[in-house]
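**Student:** Dropping the sequence and predicted coords here.
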Amino acid sequence: MAKNTIKCNITGTERVTNKPYLQSKADKIGISVEDYRANYVCKAALGNLKADIAETSITDVAMKLNTTEAQVESYINYNGKNKYRPAVVLTTEDTVDEADAEFVPTELTTV
C-alpha cells in the first residue's frame, strides 16, 4: 500500500489521501494513524454496514464479514460522525421504583 492512499477494509477500494488528513482523523479519535488505517471503511461501505446492523444484528454482520463484533464496532466508531451504541432493552425488572425516584418541585409564579 502506498503511503498516500488508504484502503477500505470492507470493499478493498483505495483512495488518495495525505499524511496531515490521516493524522488529524487519528488525533480526533485518539488513536494512531496505523490504527486508523487498520479500521478505515469508505463512506458507502459504512452506510451499508449501519443499514445491515439495523436490519439484523451486529453479530450477524460480523459473521457475514468473517470478523468479530469488536472489529465491526471499531469500523463504525472510527469512521463517520455517529458512534455505535448498542440498544438497551428495558425489562419489567428495570423499572424505577417510586420510592427511589426523587421529586424536584418547581417554583410556581402567579401574576
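**Tutor:** That came through fine.

**Student:** tell me the mean pLDDT over the longest helix belonging to the chain?
**Tutor:** Using DSSP state H to define each element, the chain has its longest helix at helix 43-55. The pLDDT scores in helix 43-55 average 93.

**Student:** I'd like to know which elements it is packed against.
**Tutor:** helix 58-65, helix 69-78 (3 or more C-beta pairs under 8 Å, 6 or more residues apart in numbering; DSSP states H and E). C-beta: built from backbone N, CA, C; applies to glycine.

**Student:** which of these sits most buried?
**Tutor:** Greatest average neighbour count among the helices and strands packed on helix 43-55 goes to helix 69-78 (a mean of 18), per mean count of other C-beta atoms under 10 Å.

**Student:** which residues sit against that helix?
**Tutor:** Helix 69-78 has contacts (C-beta atoms under 8 Å, 6 or more residues apart in numbering) with 9-10, 29, 31, 35-36, 39-41, 46, 49-50, 53, 58-59, 61-62, 65, 82-84.

**Student:** If we use 7 Å, what do you get?
**Tutor:** For helix 69-78, contacts defined as C-beta atoms under 7 Å, 6 or more residues apart in numbering pick out 9, 29, 31, 36, 39, 41, 49-50, 58-59, 61-62, 65, 83-84.
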